[in-house]
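Student: Got a sequence here, can you model it:
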Amino acid sequence: MLTFLDLFAGASGLSEGFINSGFIPVAHVEKDLYACQTITTRTAFHYCNQNNLSDLYKKYYYNEISRDILYREIPKVEINKVINEEINYENYENIVKKIQKLKNKLDVKNIDVLIGGPPCQAYSIRGRKANESKKNYDERIYYYRLYAKFLNKLKPKIFIFENVPGLVSFENGFIFDDLKKTLASEGYIIDFKILNAVNFGVLQDRKRIIIIGWKKDLQMDYPIFESSVDYSKVNDLFNDLIFINPGATELLVPYREIANNYLTRINIRNGFNKVQQHISRPHNIRDLEIYKRVIDLWNSKKERLKYNSLPKKLKTHKNVESFLDRFKVIDGEANFSHTLIAHIAKDGHYYIHPDINQCRSISVREAARIQSFPDNFIFEGPRTAAFTQIGNAVPPLMSYKIANKLKEKLNEI
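Tutor: Below you'll find the predicted structure:
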């Protein structure tokens with residue numbers, strides 16, 4: 001039995017890949033309540049799936065029973081694996097106690113892999129500009145030191161530290177150098193690569209730095225990930241979903257078509273006859289007019305609309321010198337989407353659906369599919385919370401292939 005612990009778990013995209021690879025979760029630590037509810041619901045899914053209780057989860061999926069009823073049918077130790085705590089120095093000891101208690105109840109002696117990605121906003125290009133004035137006291141910059149404390153206490157064989165590529169150049173590389181030294185000082189050999197989700201079969205251009213560390217006494221090196229680009233089109237993620245208008249709120253809707261090859265092959269479509277959370281945000285008349293122009297220009301000429309080219313009546317921002325591509329349609333005919341980020345929770349201008357007849361930003365389910373989440377994965381909370389969880393997540397398909405490689409390494413030890 002191989003085990004893992006997930007810190008800064010978010011909606012558990014990274015965990016999902018490890019679970020699908022056969023790893024057993026000991027705990028998921030996350031501060032956001034809605035994300036914790038998402039992880040708990042997914043924990044219930046996996047428990048039902050592994051214990052011939054699939055019909056129980058389907059009842060919840062089809063809105064036939066409440067979340068409370070679903071949770072009551074799951075062993076308490078499984079529910080308690082989700083630790084809703086902010087990872088900081090004040091909470092550190094309490095979190096460790098909860099993890100140790102779970103290890104004892106699960107009869108787990110050692111945690112094989114520690115995974116996690118501290119909040120990336122402090123390191124991202126967008127985040128740097130937004131937080132320039134407060135970076136001197138932004139604790140998120142140094143969360144890797146807390147990560148190191150967990151390494152020191154739990155001593156996993158391997159760890160994965162995931163973040164945005166901007167981490168490497170942040171503060172002229174000083175922070176990244178200190179991060180490597182800090183993590184290595186706990187007895188690990190460190191290596192890293194900037195990997196792109198598109199090379200793992202995800203239909204998205206999503207680059208992430210994946211730092212892997214392993215105990216010095218292990219005969220191991222950084223895994224070689226063979227590129228497995230999938231040449232399906234982004235529209236393959238959308239075409240089986242029913243047409244919806246801006247502001248669609250019906251949580252459970254039928255599929256429009258049978259599953260295509262891509263959806264079946266990577267298990268996005270998985271036996272349910274209706275789909276959850278194909279819901280979209282409403283848009284005002286001005287935005288809809290801009291969306292029509294953006295979609296038409298892209299579909300007819302493959303050109304991106306520049307904000308300063310809009311008629312005066314459609315402009316709401318005084319800044320016409322920078323961020324001119326603030327309205328962007330997803331290229332449905334391409335082999336991958338541009339990067340999905342959590343900002344989609346604030347507006348959908350950068351993720352406009354390519355179908356002019358629908359003329360809206362993408363739905364929660366469409367965003368989840370771009371990230372390779374299966375349709376039976378439910379994001380708890382309101383629409384905005386769901387978008388945030390999806391935008392911050394590691395694509396489960398990418399995580400699954402990373403987990404498989406680490407499993408091979410661990411089985412060789």
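Student: Contact partners for residue 231?
Tutor: By CB atoms under 8 Å, 6 or more residues apart in numbering, residue 231 lies in contact with residue 335. Glycine gets a C-beta too; all of them are placed from N, C-alpha and C.
Student: Just the pLDDT for it.
Tutor: The per-residue pLDDT reported for residue 231 equals 92.
Student: I'd assumed residue 204 was in contact with residue 398.
Tutor: No - taking contacts as CB atoms under 8 Å, residue 398 lies outside contact range of residue 204: 9.3 Å.
Student: Identify the contacts common to these two.
Tutor: What both residue 398 and residue 204 touch, as defined by CB under 8 Å, 6+ apart, is the set 197, 372.
Student: In terms of neighbours, single out the busier of those two.
Tutor: residue 398 (28 against 24; other CB atoms under 10 Å).
Student: Ends of stretch 161-175, what's the gap?
Tutor: Its first and final residues considered, stretch 161-175 spans 14 Å by CA to CA, to the nearest Å.
Student: For that stretch, buried residues please.
Tutor: 161-168, 170, 175 (16 or more other CB atoms under 10 Å).
Student: quick one: which of the residues you listed is nearest residue 13?
Tutor: residue 162 (9.8 Å; CB to CB).
Student: Assign a three-state SS to that closest one, would you?
Tutor: Secondary structure state of residue 162, per DSSP: H, G, I helix; E, B strand; the rest coil, is strand.
Student: got any ranges where the stretch 51-200 of the chain has weak pLDDT?
Tutor: The model of the stretch 51-200 of the chain has pLDDT under 70 over residues 120-138.
Student: The same query, at a cut-off of 80, please.
Tutor: Residues of the stretch 51-200 of the chain that meet the criterion pLDDT under 80 lie in 120-140.
Student: And the strands in it?
Tutor: Taking DSSP state E, counting those that start in this stretch as the criterion, the stretch 51-200 of the chain contains strands spanning 82-84, 113-116, 158-163, 188-196.
Student: Present those as TSV; the columns should include distance to residue 346.
Tutor: Compiled in TSV, these are given as follows (distance: least, CB to CB, whole Å):
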stretch	distance to residue 346
strand 82-84	24
strand 113-116	25
strand 158-163	21
strand 188-196	25
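Student: Those: which one's closest to residue 101?
Tutor: Comparing the strands of the stretch 51-200 of the chain against residue 101 with CB to CB, the closest turns out to be strand 82-84 (10.3 Å).
Student: Remind me what that closest one packs against, helices and strands.
Tutor: strand 24-30, helix 33-50, helix 92-105 (3 or more CB pairs under 8 Å, 6 or more residues apart in numbering; DSSP states H and E).
Student: list the contacts for residue 65?
Tutor: 56, 59.
Student: And for residue 404?
Tutor: Counting by CB under 8 Å, 6+ apart, residue 404 has contacts residue 21.
Student: What of residue 205?
Tutor: Applying CB under 8 Å, 6+ apart to residue 205 gives the contacts 196-198, 336-339.
Student: Compare the strands of the stretch 51-200 of the chain and give me the one nearest residue 279.
Tutor: strand 82-84 (24.5 Å).
Student: ok, and for that closest one, which residues are buried?
Tutor: Buried positions in strand 82-84, judged by neighbour count with 16+ other CB under 10 Å: 82-83.
Student: Just give me the neighbour total for residue 186.
Tutor: With other CB under 10 Å as criterion, residue 186 counts 17.
Student: Look up how far residue 117 lies from the nearest residue to it once chain neighbours are set aside.
Tutor: Distances taken as CB to CB, 6 or more residues apart in numbering place residue 151 nearest to residue 186, at 4.3 Å, with adjacent residues excluded. Distance from residue 151 to residue 117, counting by CB to CB, to the nearest Å: 15 Å.
Student: Give me the more crowded residue out of these two.
Tutor: Neighbour totals were compared for residue 151 and residue 117, and residue 117 leads with 26 against 21 (other CB under 10 Å).
Student: Relative to residue 76, how far out is the nearest residue to residue 77 once chain neighbours are set aside?
Tutor: With sequence-adjacent residues excluded and distances taken as CB to CB, 6+ apart, residue 77 is closest to residue 105, at 5.1 Å. For residue 105, the distance to residue 76 (CB to CB) stands at 9 Å.
Student: And the two? Which one has more around it.
Tutor: residue 105 (14 against 10).
Student: hang on, isn't residue 16 packed against residue 377?
Tutor: Yes - Residue 16 is within contact range of residue 377, at 7.4 Å (criterion: CB under 8 Å).
Student: Identify the contacts common to these two.
Tutor: 42, 396.
Student: Pick out whichever of these two has more residues nearby.
Tutor: Comparing residue 16 with residue 377 by other CB under 10 Å, the one with more neighbours is residue 16, at 27 against 24.
Student: Report the secondary structure element holding the more buried one.
Tutor: Element membership for residue 16 (DSSP states H and E) is helix 13-20.
Student: name the helices or strands packed onto that helix?
Tutor: strand 3-7, strand 24-30, helix 33-50, strand 113-116, helix 396-412.
Student: again, only this time at 7 Å
Tutor: Secondary-structure packing of helix 13-20 (3 or more CB pairs under 7 Å, 6 or more residues apart in numbering; DSSP states H and E): strand 3-7, strand 24-30, helix 396-412.
Student: could you check the distance from the most centrally placed residue in the chain over to residue 162?
Tutor: In the chain, the C-alpha nearest the mean C-alpha coordinate belongs to residue 393, at 1.2 Å (CA atoms, centre = their mean). Distance, residue 393 to residue 162, using CB to CB: 10 Å.
Student: List of residues touching stretch 365-380?
Tutor: Stretch 365-380 is contacted from outside by 11, 13, 34, 37-38, 41-42, 45, 61, 202-204, 237-238, 241, 266-270, 272, 275-278, 337, 340, 344, 364, 386-387, 389-390, 393, 395-397, using CB atoms under 7 Å, 6 or more residues apart in numbering.
Student: for stretch 169-179, same thing?
Tutor: Outside stretch 169-179, the residues within contact range by CB under 7 Å, 6+ apart are 123, 141, 144, 167-168.
Student: do stretch 304-314 as well
Tutor: 286, 289-290, 293-294, 297-298, 320, 324-328.
Student: Quote the end-to-end distance of it.
Tutor: Start-to-end, stretch 304-314 (CA to CA) is 17 Å.
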